[in-house]
Structure formats: C-alpha cells, structure tokens
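Q: have a look at this prediction, sequence included:
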Amino acid sequence: MYLAMHTWMRSEPIERAIERLPALGYKAIEIAGAPDAIDTAAVRNLLKKHGVSCFGAVSLMTPERSLLAKDEARRAASVQYIKDCITMVKELGGEEMSVVPGSVGQLVSESTPEDEWRWAVESVTACNDYAQTCGVRIGIEPINRFETFFINRAAQAIALAEAVGPSCGVCLDSFHMALEEEDMFAAIRAAGDRLVDFHIGENNRFAPGQGTLDWAKIVATLRAIGYDGPLSAEFCPPFDRTPANPFPHQAETDLSNIPEEQRKFLEDHGSNVMSESFFVEQIRQTARVLGPLIA
C-alpha cells in the first residue's frame, strides 16, 4: 500500500497539487473528474517531472449527472461524462475510475427501485465496457445517505458490481463507512478482490488521527484481503464558525481566483474552502498516521 492524494478538496493549480506531494510522502494522485479542465499532455509531464503517478480519478456527480436518472438524455450525458473521465485517466497513465452512480445531493428517487436499478446496471455496464478497452478499472463508490439515496453501503456497491460483471470493482471510503456500515471491517472483507481503491477520511472527515477510527485495524484488514493499492487522502473537514474553532486559519480568505462553480461545490461538501496552510497540515497529518502503518 502507498499514499495518494485527491485534488478536488481544494481549488488550486494542478502544478501546486502535484509538486508538494513527494516531499510529504505521497506517491500518487487522484485527479478530480473534470476532463474538460485538464490538459493531459501537460499534466503527464508534470507527473513525470515530480516522480508522481496518476492512479486514477473520481467522478464529480453534480446535479445534472446521474447514471440512474429517469430522463434518458440525462443518463446518456452522464455515461458520456464518465467515459470522458476514463479517457482522461488512460491518457494520464492511470488505472482506476471511482464512480458514484447518482447525483451527490439528490436524496429523493425519481422512479421505482426496479427501474433505477436497471438504469444503473445499464449505465455502469456501458462505462465498464469502455473502461476495459482503455485498461482502466471502475470502482463503484458508496457514499452516505445524507449525500445520495442510492448506493450507501459496501454490500450495495458489491451487488451493483456483480450485476455489471467480474471486471467491475468497488471503491470504499472510511468516512462514509463510519456512517453507514454496521462493521466496516466486515465490509472490507466482503469487498475482497473487487476492492480497487480506498479513500481515507476520519469519522468526522478530518485527517486520520483527528477522529475515532482505528487506523491500525483498517490497514491490517486491507492487508489481510491482499489489497495493495493506494490509501487516497480525501479529508473534507467541517468548518467551525464559532469562537470554539481550534483552527482559526482553516478557511481561505481570498476567493477571487476560485471559479464560482468550484467554490459552490467545495462549500456544499465541506462548508467552505480550506486555506493552503490548513490543507497542507491535513496532508502531513495523514502521512504521519498512515505512513508508519504501511511502511
């Protein structure tokens, strides 16, 4: 196992996201699923320059994107979006695409469970078929019930992966598991060799060691099933707007260079935009806790 880092949690130039990682103990990066904003040739050069690999990408399921939407055109556009992300991963030399099937923030279904399951299987199958031609493996990611009504637990993601086919994998996230799983260790064992990616965040979505999760047991369980992929840092701490805030430097004060769409996405997920100093502290904290466990 090795440390990787997501890019979606802070709006910053991709050059900055990549260049700081080696000195902090990270070997790989997972690119936010924004293929229209990425010059893959330039990013490949940056990765090579800094000795960092691109493991894969994670889908950004904004309100217009859903692989199980009732509207056929919306479903088709969402499938094409995932395919475009997979193309980006291939061009960056990556190997995995984490997919949240439904829109993040959509908590009410649009049709019957039978219809939505059929649409999800059809859509993910189309994405998975394309991924296979690109040498990329899909990992279906469960996220908590407060962010989506569809696929919240590992068992559900495994069921969807099984319906799609043997090459379809599962991506698990410790933060979401802490909310949804009766036993997160049993969930990891159930995923078995379908587990293609593991996202890292505390039960409170801070960096490891700032919550209640048992990281030694998590790593040991991953090792026991033969998982040897990345532990991808995906912290997104809630912001404290009271005098009790222990991190007064937590929030970015200059939002002038952050696009409105990206600012809203970050605020919806973490309530604000992290300052660089706080962001780097969280990256270091993750490495301090997990580094010795995977050495």
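A: Ah, there it is. Numbers count the residues shown, from 1 in each chain.

Q: pull the number of nearby residues for the nearest residue to Cys168 once chain neighbours are set aside.
A: Nearest residue to Cys168, sequence neighbours excluded (CB to CB, 6 or more residues apart in numbering): Ala161, at 4.2 Å. Where C-beta positions appear, they are placed from N, C-alpha and C, glycine not excepted. When neighbours are defined as other CB atoms under 10 Å, Ala161 has 23 of them.

Q: for stretch 165-182, buried residues please.
A: 168-181 (16 or more other CB atoms under 10 Å).

Q: first-to-last residue distance for it?
A: Start-to-end span of stretch 165-182 (CA to CA, to the nearest Å) is 26 Å.

Q: and it, average pLDDT?
A: Averaging pLDDT along stretch 165-182 yields 98.

Q: same check, this time on stretch 136-151
A: Mean predicted lDDT for stretch 136-151 stands at 97.

Q: next, the buried residues of that stretch.
A: 136-143, 147-151.

Q: what does stretch 221-230 give?
A: Those would be 221-222, 227, 229-230, for stretch 221-230 by 16+ other CB under 10 Å.

Q: could you pull up the mean pLDDT of it?
A: pLDDT averaged over stretch 221-230 gives 98.

Q: export it as CSV, just CAs?
A: Only the C-alpha atoms of stretch 221-230 are listed here, as CSV (Å, rounded to 0.1, in the frame of the first residue of the first chain):
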residue,chain,number,x,y,z
THR,A,221,-7.8,-5.7,7.4
LEU,A,222,-6.9,-4.3,4.0
ARG,A,223,-3.6,-6.2,4.1
ALA,A,224,-5.4,-9.4,5.1
ILE,A,225,-7.5,-9.3,1.9
GLY,A,226,-4.5,-8.7,-0.2
TYR,A,227,-5.2,-5.1,-1.0
ASP,A,228,-2.0,-3.3,-2.2
GLY,A,229,-3.4,-0.2,-3.8
PRO,A,230,-3.4,3.4,-2.7
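
Q: element containing Gln132?
A: In the assignment (DSSP states H and E), Gln132 maps to helix 113-134.

Q: helices or strands up against that helix?
A: With contacts taken as 3 or more CB pairs under 8 Å, 6 or more residues apart in numbering; DSSP states H and E, helix 113-134 sits against helix 72-91, strand 96-99, strand 137-140, helix 154-164.

Q: so of those, which one's packed in deepest?
A: strand 96-99 (a mean of 28; mean count of other CB atoms under 10 Å).

Q: strands paired with that one, and their directions?
A: Paired strands of strand 96-99, with direction, are strand 53-58 (parallel), strand 137-140 (parallel) (DSSP bridges).

Q: low-confidence ranges in this structure?
A: The model of the chain has pLDDT under 70 over residues 252-272.

Q: that one: helices as residue ranges?
A: 14-19, 40-50, 72-91, 113-134, 154-164, 174-180, 184-191, 215-224, 260-270, 276-294 (DSSP state H).

Q: got TSV for those, with distance to Ala4 too?
A: Below are the helices of the chain laid out as TSV (distance: least, CB to CB, whole Å):
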stretch	distance to Ala4
helix 14-19	12
helix 40-50	12
helix 72-91	13
helix 113-134	19
helix 154-164	20
helix 174-180	14
helix 184-191	18
helix 215-224	14
helix 260-270	19
helix 276-294	10
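
Q: and Glu30, what does it touch?
A: Residues near Glu30 by CB atoms under 8 Å, 6 or more residues apart in numbering: 4-7, 54-58, 98, 197, 230, 232.

Q: thank you kindly, that will do.
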